[in-house]
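Enquirer: Can you look at this prediction? I've put the sequence above it.
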Amino acid sequence: MKIYSAIQPNKLLHLVQRFSDLENLSTSEGLGRINVAPETEFLQLAALKLDNGKTFKAHKHIYKDGEKQVIAQESWVVVRGIVKAFFYDLDDTLLTTVTLRGGDASMTFGGGHNYQSQADDTLVYEYKTGPYKGIENDKEFI
């Protein structure tokens, strides 16, 4: 599910990847992969489906020249429980709300967001671009 700005209709602000959409990810040579996030975004996400024993060449990542201006982008992966996600436009107006369940992921590339747990013992992983330089350099509250 791709959520675009109402102000700039071609600007992708938020993305939701449903776990259920990955269940039928086919494998070729023991590996299935889809790139979820557009390659132009700083925050990247791919879904990998691996058959037993499947591996890939060991590797490390290299440093790249940084961009002059970088915004923190964030992703949540719901491990268990239920989360209601609120996604905001560039002018802070609410675009939509989405219910996320175990295995679902959300990504925010721009615009605002908020999450509200809908079940006890909800557990999520939060990923965001770094480095983290403190709350005062990271976010502005809506």
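Expert: Sure, I can see it.
Enquirer: Just give me the residue closest to the centre of the chain.
Expert: Centroid-nearest residue in the chain, with C-alpha atoms, centre = their mean: residue 107, separated by 2.4 Å.
Enquirer: Spit out the contact partners of that residue.
Expert: For residue 107, the contact set (C-beta atoms under 8 Å, 6 or more residues apart in numbering) comprises 14, 15, 16, 17, 36, 37, 41, 43, 45, 73, 74, 75. Any C-beta I mention is one placed from the backbone N, CA and C, and that applies to glycine too.
Enquirer: measure stretch 107-125 end to end?
Expert: End-to-end span of stretch 107-125 (C-alpha to C-alpha, to the nearest Å): 12 Å.
Enquirer: next one: that stretch to chain centre, how far?
Expert: Distance, stretch centre to chain centre, for stretch 107-125: 10 Å (C-alpha atoms, centre = their mean, to the nearest Å).
Enquirer: before we move on, what about stretch 20-27?
Expert: On C-alpha atoms, centre = their mean, the centre of stretch 20-27 falls 18 Å from the chain's centre.
Enquirer: For it, buried residues please.
Expert: By 16 or more other C-beta atoms under 10 Å, the buried positions in stretch 20-27 come out as residue 22.
Enquirer: Throw the contacts of residue 107 into JSON lines and include pLDDT and distance to residue 56, thanks.
Expert: Formatted as JSON lines, the contacts of residue 107 follow (pLDDT from 0 to 100; distance: C-beta to C-beta, whole Å):
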{"residue": "14", "pLDDT": "93", "distance to residue 56": "30"}
{"residue": "15", "pLDDT": "94", "distance to residue 56": "25"}
{"residue": "16", "pLDDT": "94", "distance to residue 56": "27"}
{"residue": "17", "pLDDT": "90", "distance to residue 56": "21"}
{"residue": "36", "pLDDT": "88", "distance to residue 56": "18"}
{"residue": "37", "pLDDT": "90", "distance to residue 56": "20"}
{"residue": "41", "pLDDT": "88", "distance to residue 56": "23"}
{"residue": "43", "pLDDT": "87", "distance to residue 56": "22"}
{"residue": "45", "pLDDT": "88", "distance to residue 56": "17"}
{"residue": "73", "pLDDT": "88", "distance to residue 56": "25"}
{"residue": "74", "pLDDT": "91", "distance to residue 56": "27"}
{"residue": "75", "pLDDT": "92", "distance to residue 56": "22"}
